[in-house]
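J.: mind folding the following:
(chains A and B)
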Amino acid sequence: SQKIEQNSEALNIQEGKTATLTCNYTNYSPAYLQWYRQDPGRGPVFLLLIRENEKEKRKERLKVTFDTTLKQSLFHITASQPADSATYLCALNNFNKFYFGSGTKLNVKP
Amino acid sequence: DTEVTQTPKHLVMGMTNKKSLKCEQHMGHRAMYWYKQKAKKPPELMFVYSYEKLSINESVPSRFSPECPNSSLLNLHLHALQPEDSALYLCASSFPTPRGRSSYNEQFFGPGTRLTVL
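T.: All right, here's what the predicted structure looks like:
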């Protein structure tokens, strides 16, 4: 069955450092992979999408990589800020079904 | 308008009650979704409507009954729920996926309804 795993339950980093979050998947070959941010008690918010033929995608301080051989995506936040503290979810979709990863809670300390 | 609205924000109901959750979007999206999210867990897909027709039901118990009266509205009717059904219920919308192709379409989520079943 489809499985999407994200690294550790929580990631604690110091303000200004780069946060790197991992998303690994099995039993699926997505053409696209998406990253969402979720704050407590709120719905997820779309951040970035990367296609299978794209190695890297950037948006402001965010960078996503996608390695279809390793079946892995890395999500980087550079110059992290306390306001970046949230849970980050990766998602794969097939037809109209979305499969979310377990999420990584990022804590950026001042 | 890039917003998905959900009402109510909070709902407390007994196991014998009947209630409904409502979701609305005006982005022209023709795919709408219901998700259930328990604390510290990812959203779990419940139902998908595509062009106002139910296209996916993830083996959800019949005490949850979805309805899509038009392209902008999505309802979730609740009846005889159990305490373990307490969760955050999220509605989302997107452009639908052509069959046979992975969708690149982002989902827009509403703020959710926090449901407590006593």
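J.: from now on I want contacts and neighbour counts done on CA atoms only, so please keep to that.
T.: Will do.
J.: flag the shaky bits of chain A, pLDDT-wise.
T.: Chain A contains residues with pLDDT under 70 at A:1-2, A:8, A:94-96.
J.: mind listing the strands for it?
T.: A:3-6, A:10-14, A:19-26, A:32-38, A:45-51, A:56-59, A:62-67, A:72-77, A:86-94, A:97-100, A:104-109 (DSSP state E).
J.: paired strands for the first one, with orientation please.
T.: This means strand A:3-6. When sheet partners are counted by DSSP bridges, strand A:3-6 sits next to strand A:19-26 (antiparallel).
J.: ok, now the last one?
T.: Next to strand A:104-109 in the sheet, as set by DSSP bridges, lie strand A:10-14 (parallel), strand A:86-94 (antiparallel).
J.: let's see that strand as PDB, backbone CA atoms only.
T.: Output of strand A:104-109 as PDB, limited to C-alpha atoms (Å, rounded to 0.1, in the frame of the first residue of the first chain):
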ATOM      1  CA  THR A 104       7.200  17.100  10.600                       C
ATOM      2  CA  LYS A 105       6.700  19.700  13.300                       C
ATOM      3  CA  LEU A 106       9.300  22.400  12.900                       C
ATOM      4  CA  ASN A 107      10.200  24.600  15.900                       C
ATOM      5  CA  VAL A 108      12.500  27.600  15.200                       C
ATOM      6  CA  LYS A 109      13.900  29.100  18.400                       C
END
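J.: ok and it relative to strand A:32-38, angle-wise?
T.: 50 degrees (axes from the mean of the first three to the mean of the last three C-alpha atoms, to 10 degrees).
J.: what's in contact with strand A:104-109?
T.: Under the criterion C-alpha atoms under 8 Å, 6 or more residues apart in numbering or on different chains, residues A:6-15, A:21, A:80-89 lie in contact with strand A:104-109.
J.: okay, now the unreliable bits of chain B?
T.: For chain B (pLDDT under 70), the answer is B:1-2, B:97-104.
J.: all helices of it, in order?
T.: Taking DSSP state H, chain B contains no helices at all.
J.: please consider this matter closed, and thank you.
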